[in-house]
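Q: Just need the structure, nothing else, for what follows:
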Amino acid sequence: MRLRGIVRMWMSVAKPYSGAAAESLSRCGLRGLHMVLLAVLLAVLAAVPAGASLTGTWRLQLRDAAVVHGDMVLLGEIASPVGEMPPELWQQLARRPLWESPDKTGRTMSITGPRLKRAMRRYLPEHHRKCLYPASMAVQKGGGLYDEAALRKVVADSLTPRLAALEGEASLRDYRLPAFMFVEDPLNTVMLMTDDVRAGRLSLRLAEVRPTGDVVRQATGSVFVDVWTGVPAAAFPVNRGDLLGPDAVTMVRKNRAFMRGDPWDGKGGPWRLTRAVGQGQVIYAADLEIMPTVARGDRVDLVFRGSRILLTVPAEALADGAAGDSIPVRNLQSRRQVYATVKDPTTVIVQ
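A: Numbers count the residues shown, from 1 in each chain. Just a heads-up that it's a prediction; the model follows:
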């Protein structure tokens, strides 16, 4: 309104002058007057708060889902005021009937964005331009509603205690849940039915449950579980077949959500690598195997033991073997291959 008044003032000053008089005046007093009016206009605009509208500082936010109770949908059931709306105006508008609600309790109706805009132009003609519209709206008669924030709380309240059982620092992020979930009765609740809790993208199953325990309906979603923990890693590059000694292992902090398997637990051994591992890379349990008593290529004593004979000759192991395993070896004197039983790291026996 202040802006309109200033414009009218400007026009009233400029209108009476025309022809030579206007030209003469424009060279002196009128130019100065225009400058004064321009300064006043800029001061008025500067006084308007950022983001405020000169035609009003309130809006009506229409919800994407709502529960109604009567035969007619009321504005207060599907919208909320945003900004500086006078309370008495909202009390009046909230009772404004719009269109007929679903004919039965528990039944829903869906309204597309364009249809919703047409309806507001019809039932709220004086304020429809102040409405903020969702892409669509779902309306249920009776029952209850869990919006996305409420569903997120259900998931967090259910999973957070179970995260304590995971080794490391666990947290939830990147919720992907339904925008809302209706329940047929206010006494019904939405519960998380997911049992498995692990690092990474976790699939969720949400269910509407009656007080009797019966499941009415279900919906799905997901959440990402981060689990930060210390895991063994290579202190320097190690090759396939290398013995994994204490000096080759260091601890690093990793997110298990992005690990491709179970890390080595640091126990057992002696171990050797089944693949090359770069410096700082995680050492997985699948990367290790027990160090054999005799490794392929080792030089060993091949002992021929009989009832009346004991003969020892040099040999080469042609395969890995633990104590008690039978492995092929090559007699380095005759070049013949025989199978012998591993006794210790330096001896294999043929009986």
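
Q: Identify the residues contacting the closest residue to Ala286 other than its chain neighbours.
A: Nearest non-adjacent residue to Ala286, counting by Cβ to Cβ, 6 or more residues apart in numbering: Gly261, 5.6 Å away. Using the backbone N, CA and C atoms, a C-beta is placed for each residue, glycine as well. Gly261 is in contact with 284-286, counting by Cβ atoms under 8 Å, 6 or more residues apart in numbering.

Q: right, and the secondary structure at Gly261 would be what?
A: Classification of Gly261 by DSSP: H, G, I helix; E, B strand; the rest coil places it in coil.

Q: what's the distance between it and Pro161?
A: Taking Cβ to Cβ, to the nearest Å as the measure, Gly261 falls 27 Å from Pro161.

Q: Next: Glu126.
A: 51 Å.

Q: Other residues contacting stretch 137-154?
A: For stretch 137-154, using Cβ under 8 Å, 6+ apart, the contacting residues are 62-69, 73, 78, 101-111, 116, 175, 177-186, 188, 190-192, 206, 221.

Q: which parts of it are buried?
A: By 16 or more other Cβ atoms under 10 Å, the buried positions in stretch 137-154 come out as 137-148, 151-152, 154.

Q: Which members of those residues occur in strands, if any?
A: 137-141, 144-147 (DSSP state E).

Q: closest to Ala317 among these?
A: Using Cβ to Cβ, Tyr146 is the member of those that lies nearest Ala317, at 67.3 Å.

Q: From Val209, how far out is the closest one?
A: 12 Å.

Q: Could you do Arg335 as well?
A: Distance from Arg335 to Val209, by Cβ to Cβ: 77 Å.

Q: who has more neighbours, the two?
A: Val209 (18 against 7; other Cβ atoms under 10 Å).

Q: Which residues are in contact with that one?
A: 188-191, 215-216.

Q: Val73: neighbour count?
A: Val73 - counted by other Cβ under 10 Å - has 25 other residues nearby.

Q: In contact with it, which residues are there?
A: Residues counted as contacts of Val73 (Cβ under 8 Å, 6+ apart) are 97-101, 139.

Q: Just the buried residues out of these, in PyMOL syntax.
A: Buried residues within the contacts of Val73, by 16+ other Cβ under 10 Å, are selected in PyMOL with:
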select buried, resi 98+101+139
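
Q: Can I get the contacts of Val73 in JSON lines including distance to Val294?
A: Output for these, formatted as JSON lines (distance: Cβ to Cβ, whole Å):
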{"residue": "Pro97", "distance to Val294": "90"}
{"residue": "Leu98", "distance to Val294": "86"}
{"residue": "Trp99", "distance to Val294": "86"}
{"residue": "Glu100", "distance to Val294": "87"}
{"residue": "Ser101", "distance to Val294": "83"}
{"residue": "Val139", "distance to Val294": "77"}
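
Q: from the contacts of Val73, which ones fall inside strands?
A: Per DSSP E, the subset of the contacts of Val73 in strands is 97-100, 139.

Q: So which residues of the stretch 51-200 of the chain form strands?
A: Using DSSP state E, counting those that start in this stretch, the strands of the stretch 51-200 of the chain run over 58-62, 65-68, 72-74, 79-83, 97-100, 108-112, 131-132, 136-141, 144-147, 169-176, 180-183, 189-192, 200-209.

Q: out of those strands, nearest to Gly245?
A: strand 169-176 (29.6 Å).

Q: Show me what the closest one packs onto, helices and strands only.
A: helix 148-163, strand 215-234 (3 or more Cβ pairs under 8 Å, 6 or more residues apart in numbering; DSSP states H and E).

Q: and with 10 Å instead?
A: Packing partners of strand 169-176 (3 or more Cβ pairs under 10 Å, 6 or more residues apart in numbering; DSSP states H and E): helix 148-163, strand 200-209, strand 215-234.

Q: Among these, which comes closest to Pro328?
A: Nearest of the helices and strands packed on strand 169-176 (Cβ to Cβ): strand 215-234, 32.5 Å.

Q: Report the distance from that closest one to the chain centre.
A: 10 Å (Cα atoms, centre = their mean, to the nearest Å).

Q: same question, stretch 343-351
A: 58 Å.

Q: now do the same end-to-end measure for it.
A: For stretch 343-351, the first-to-last residue distance is 12 Å (Cα to Cα, to the nearest Å).

Q: list the buried ones in it?
A: Of the residues in stretch 343-351, those buried by neighbour count under the rule 16+ other Cβ under 10 Å are 343, 347-348, 350.

Q: Dump those residues into JSON lines; add distance to Pro270 and secondary structure as well.
A: Formatted as JSON lines, the buried residues of stretch 343-351 follow (distance: Cβ to Cβ, whole Å; DSSP: H, G, I helix; E, B strand; the rest coil):
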{"residue": "Lys343", "distance to Pro270": "18", "secondary structure": "strand"}
{"residue": "Thr347", "distance to Pro270": "19", "secondary structure": "strand"}
{"residue": "Val348", "distance to Pro270": "20", "secondary structure": "strand"}
{"residue": "Val350", "distance to Pro270": "27", "secondary structure": "strand"}
